[in-house]
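Q: Build me a structure from this.
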Amino acid sequence: MLVKVFGSAVFGVEATTITVEVNIDKGVGYHLVGLPDNAIKESSYRIAAALKNNNYSLPVKKITINMAPADMRKEGSAYDLTIAIGILVATGQIQAEELDRYIIMGELSLDGGLQPIKGALSIAIKAKEEGYKGFILPIQNVKEAAIVEGLDVYGVENVLQVIDFFEGKGDLQPTVIDTQTEFSRTLDFPEFDFSDVKGQEGIKRCMEIAAAGGHNIILIGPPGSGKTMLAKRMPSILPPMTMKEALETTKIHSVAGKIKDAGLMSQRPFRSPHHTASSVSLVGGGSYPQPGEISLAHNGVLFLDELPEFKREVLEVMRQPLEDREVTISRAKFTITYPSSFMLVASMNPSPGGYFNDPDAPVSTSPAEMQRYLSKISGPLLDRIDIHIEVNPVPFEKLTETRKAESSAEIRKRVTLAREIQSKRFEQFDNLHYNAQMGSKYIREFCVLDETSLQLLKTAMERLNLSARAYDRILKVARTIADLEAAENIKPNHIAEAIQYRSLDREGWLG
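A: Residues are numbered from 1 along each chain as shown. From the prediction side, this is the model:
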């Protein structure tokens with residue numbers, strides 16, 4: 001007897017429906033075809049034990065299982081439940097009239113229990129698109145899959161529940177999640193709040209500008225000046241995610257198996273890889289392709305602490321994703337594209353010893369050593385960072401202040417208003433949402449300067465020896481400063497403030 005059961009495979013962040021054909025014939029043998037990997041080939045042992053421990057059996061007959069399309073490689077252990085139900089129906093041990101209306105996925109334990117799978121949200125979205133009635137999966141993944149409206153999502157704990165469901169014996173009910181309620185959870189009480197930061201008002205202002213325009217930012221300062229503390233609080237002042245952004249972010253984390261019994265992600269991600277990270281861990285890929293840190297930071301913040309300590313080749317792979325806001329991984333047998341629209345926040349010491357031109361510093365560094373240290377960061381990478389700011393140690397008077405600093409919620413209100421101005425400005429453009437995404441064409445259109453501002457910028461570039469690459473960056477940052485003040489045009493004071501945020505372009509830093 002031939003039976004067809006439906007599962008799904010995830011490539012990149014998109015799912016593809018897989019038809020599992022189970023054929024029972026005379027003879028003895030277990031044949032699994034359709035390019036399965038070792039995890040799927042080993043499924044026969046898990047399935048046999050799970051069925052036996054629940055009073056069912058793997059028949060002593062010739063069992064042929066084809067996973068179509070047969071030329072597409074299938075990976076992982078999530079097809080155990082799909083194959084097991086197919087065998088039970090094909091051998092007549094259970095009846096399942098509506099089997100073809102459901103996507104079934106799950107890894108079996110030897111006692112028949114189910115282990116969580118990856119990519120549940122992507123699979124649920126595809127199942128709804130293709131008109132399936134429901135999706136049966138492990139209960140650990142049910143919240144993320146139930147985000148998809150118009151699809152019955154059933155979370156199960158063991159194979160017996162699935163058998164009873166198809167035979168009409170159980171009381172299994174679809175999981176219903178109020179997506180709006182899930183999404184409405186705000187960041188009013190974040191774990192890291194700017195009210196905890198003593199002093200550093202200038203740096204807070206700089207980070208507010210970065211958040212308002214989506215600008216990449218690098219913090220340069222000696223140890224203990226608060227760079228990491230400030231960076232960790234950046235997500236708390238970013239605008240709340242839109243529903244589209246929340247779905248995109250949840251889908252990526254679902255594919256990577258990072259969703260732990262949670263539904264829709266309502267908070268922007270914050271990723272902070274160690275400086276020993278490899279290129280693959282940063283951009284994604286591998287023999288079993290997985291999204292990397294830059295994709296896990298999609299719609300959020302990627303924090304690179306001690307930037308010069310990262311291997312140069314690791315940093316260089318970020319150049320294209322920073323520009324295109326997606327990363328394409330090409331191998332001989334596959335090509336996968338992951339979204340990677342993130343905000344880069346980097347920090348670094350100004351020299352190997354951590355101190356710059358400070359005669360009282362405990363560790364002294366020669367100019368040659370400092371220049372060699374800074375040259376680890378390439379010009380093209382710095383070209384993609386709009387704001388460079390020096391962070392100085394907090395004086396004792398500020399540290400001992402009892403007055404509470406401004407909270408993240410108050411800063412976020414101003415940031416959100418500035419983003420709304422930008423959204424309205426760029427509403428006719430598909431891939432342009434905030435100032436940091438502007439190219440040269442849009443800078444000329446939206447960053448027009450009056451004569452006074454133009455003269456001020458010219459003088460600054462000449463006297464401070466600013467590089468040519470600083471020109472566009474200053475204009476974009478000035479546009480954001482103007483948006484924070486709800487000003488229609490860029491004024492000289494906006495340009496003057498933006499010029500301050502190009503430390504590494506000045507002579508004496510990187511030349």
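Q: Report the buried residues of stretch 457-465.
A: Going by neighbour count (16 or more other Cβ atoms under 10 Å), the buried part of stretch 457-465 is 457, 460, 461, 464. The C-beta positions use only the backbone N, C-alpha and C, and glycine is treated the same way.
Q: chain center to the helix or strand that contains the third one, what's the gap?
A: It stands for residue 461. Under the criterion of DSSP states H and E, residue 461 resides in helix 451-463. Mean C-alpha position of helix 451-463 versus that of the full chain (Cα atoms, centre = their mean, to the nearest Å) differs by 39 Å.
Q: do stretch 134-152 as well
A: Centroid separation between stretch 134-152 and its chain, computed with Cα atoms, centre = their mean, is 21 Å.
Q: thinking again about what came up before, with distance to residue 268 added, can I get the buried residues of stretch 457-465 in CSV?
A: Listed next are the buried residues of stretch 457-465 as CSV, based on distance: Cβ to Cβ, whole Å:
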residue, distance to residue 268
457, 33
460, 34
461, 35
464, 34
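Q: which one of those is nearest residue 494?
A: Residue 494 lies nearest to residue 457 out of the buried residues of stretch 457-465, by Cβ to Cβ, at 10.6 Å.
Q: where does the nearest residue to the closest one once chain neighbours are set aside land in three-state SS?
A: Nearest residue to residue 457, sequence neighbours excluded (Cβ to Cβ, 6 or more residues apart in numbering): residue 495, at 5.5 Å. Under DSSP: H, G, I helix; E, B strand; the rest coil, the three-state class of residue 495 is helix.
Q: show me what contacts residue 495?
A: 449, 453, 456, 457, 460, 474, 478 (Cβ atoms under 8 Å, 6 or more residues apart in numbering).
Q: The third one and residue 299, how far apart?
A: With distances defined as Cβ to Cβ, to the nearest Å, the gap from residue 456 to residue 299 amounts to 35 Å.
Q: Settle it for me: which of those two has more neighbours?
A: residue 299 (21 against 17; other Cβ atoms under 10 Å).
Q: Can you report how many residues neighbour residue 323?
A: Look at residue 323: counted by other Cβ under 10 Å, it has 12 neighbours.
Q: For residue 144, see how far away the residue nearest to residue 306 when sequence neighbours are not counted is.
A: Setting aside the residues directly before and after it, residue 306 is nearest to residue 275 in space (Cβ to Cβ, 6+ apart), at 5.5 Å. As defined by Cβ to Cβ, residue 275 lies at a distance of 32 Å from residue 144.
Q: Just want to know which of those two has more residues nearby.
A: Taking neighbours as other Cβ under 10 Å, residue 275 and residue 144 compare with residue 144 leading, 29 against 14.
Q: ok but the more buried one is inside a helix, no?
A: Yes - Residue 144: assigned to a helix according to three-state DSSP.
Q: Make sure it is actually in contact with residue 250.
A: Yes - judged on Cβ atoms under 8 Å, residue 144 makes contact with residue 250 at a distance of 6.3 Å.
Q: Now for this protein, the helix or strand with the poorest mean pLDDT.
A: Sorting the helices and strands of the chain by mean pLDDT, DSSP states H and E puts helix 179-183 at the bottom, at a mean of 69.
Q: circling back to that earlier point, mind exporting the C-alpha coordinates of the helix holding residue 461 to PDB?
A: The C-alpha coordinates for helix 451-463 follow below in PDB (Å, rounded to 0.1, in the frame of the first residue of the first chain):
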ATOM      1  CA  GLU A 451      25.600  78.800   1.800                       C
ATOM      2  CA  THR A 452      26.500  79.100   5.400                       C
ATOM      3  CA  SER A 453      26.400  75.400   6.100                       C
ATOM      4  CA  LEU A 454      28.300  74.600   2.900                       C
ATOM      5  CA  GLN A 455      31.100  77.000   3.900                       C
ATOM      6  CA  LEU A 456      31.200  75.600   7.400                       C
ATOM      7  CA  LEU A 457      31.600  72.100   6.000                       C
ATOM      8  CA  LYS A 458      34.300  73.200   3.600                       C
ATOM      9  CA  THR A 459      36.300  74.900   6.300                       C
ATOM     10  CA  ALA A 460      36.000  71.900   8.600                       C
ATOM     11  CA  MET A 461      37.200  69.500   6.000                       C
ATOM     12  CA  GLU A 462      40.200  71.600   5.200                       C
ATOM     13  CA  ARG A 463      41.300  72.500   8.800                       C
END
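Q: hmm, who's touching that helix?
A: 449, 466, 470, 471, 474, 490, 491, 492, 494, 495, 496, 499.
Q: Check which element follows the longest strand seen in the chain along the chain.
A: Secondary structure of the chain read by DSSP state E shows that its longest strand is strand 14-25. On the C-terminal side of strand 14-25, the closest following helix or strand by DSSP H and E is strand 29-33.
Q: can you list contacts of the helix or strand just after that next one?
A: Remark: after strand 29-33, the chain's next helix or strand is helix 38-41, criterion DSSP H and E. Residues outside helix 38-41 that contact it (Cβ under 8 Å, 6+ apart) are 32, 67, 74, 75, 76, 77, 79.
Q: one more time with 10 Å, if that's ok
A: 30, 32, 34, 46, 65, 67, 74-80, 83, 107, 288 (Cβ atoms under 10 Å, 6 or more residues apart in numbering).
Q: Pick out the most distant pair among the contacts of residue 495.
A: 449 and 460 (12.4 Å).
Q: Do I have it right that residue 266 meets residue 249?
A: Yes - in this structure, residue 266 is within contact of residue 249 by Cβ atoms under 10 Å, at 9.4 Å.
Q: just to revisit the earlier point, from residue 489, how far out is the residue nearest to residue 457?
A: Taken as Cβ to Cβ, the span from residue 495 to residue 489 is 11 Å.
Q: which sections of the stretch 251-400 of the chain are below the confidence cut-off?
A: Low-confidence segments of the stretch 251-400 of the chain, defined by pLDDT under 70: 261-262, 353-365.
Q: now the strands: where do they sit in it?
A: Assigned by DSSP state E, counting those that start in this stretch, the strands in the stretch 251-400 of the chain fall at 270-271, 284-285, 290-291, 301-304, 326-330, 335-339, 343-348, 387-390.
Q: Just send those strands back as CSV, with distance to residue 243 too.
A: Shown next, in CSV, are the strands of the stretch 251-400 of the chain (distance: least, Cβ to Cβ, whole Å):
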stretch, distance to residue 243
strand 270-271, 20
strand 284-285, 25
strand 290-291, 21
strand 301-304, 20
strand 326-330, 20
strand 335-339, 16
strand 343-348, 20
strand 387-390, 29
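Q: is it possible to export these to TSV including distance to residue 42 and mean neighbour count?
A: Output for those, formatted as TSV (distance: least, Cβ to Cβ, whole Å; neighbours: other Cβ atoms under 10 Å):
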stretch	distance to residue 42	mean neighbour count
strand 270-271	33	20
strand 284-285	25	23
strand 290-291	21	22
strand 301-304	36	24
strand 326-330	27	16
strand 335-339	25	18
strand 343-348	41	24
strand 387-390	51	23
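Q: quick one: which of those strands is nearest residue 135?
A: Of these, nearest to residue 135 by Cβ to Cβ is strand 290-291, at 22.0 Å.
Q: and the closest one, how far from the chain's centre?
A: 10 Å.
Q: who does that strand touch, helix- and strand-wise?
A: With contacts defined as 3 or more Cβ pairs under 10 Å, 6 or more residues apart in numbering; DSSP states H and E, the packing partners of strand 290-291 are helix 243-255, helix 279-283, strand 284-285, strand 326-330, strand 335-339.
Q: Kindly reformat the ones you listed as TSV containing distance to residue 437.
A: Shown next, in TSV, are the helices and strands packed on strand 290-291 (distance: least, Cβ to Cβ, whole Å):
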stretch	distance to residue 437
helix 243-255	14
helix 279-283	20
strand 284-285	22
strand 326-330	13
strand 335-339	14
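Q: right, so of these, which gets closest to residue 423?
A: Among these, helix 243-255 comes nearest to residue 423, with 12.3 Å by Cβ to Cβ.
Q: Buried residues, that closest one. List them.
A: 245, 246, 247, 248, 249, 250, 251, 252, 253, 254, 255.
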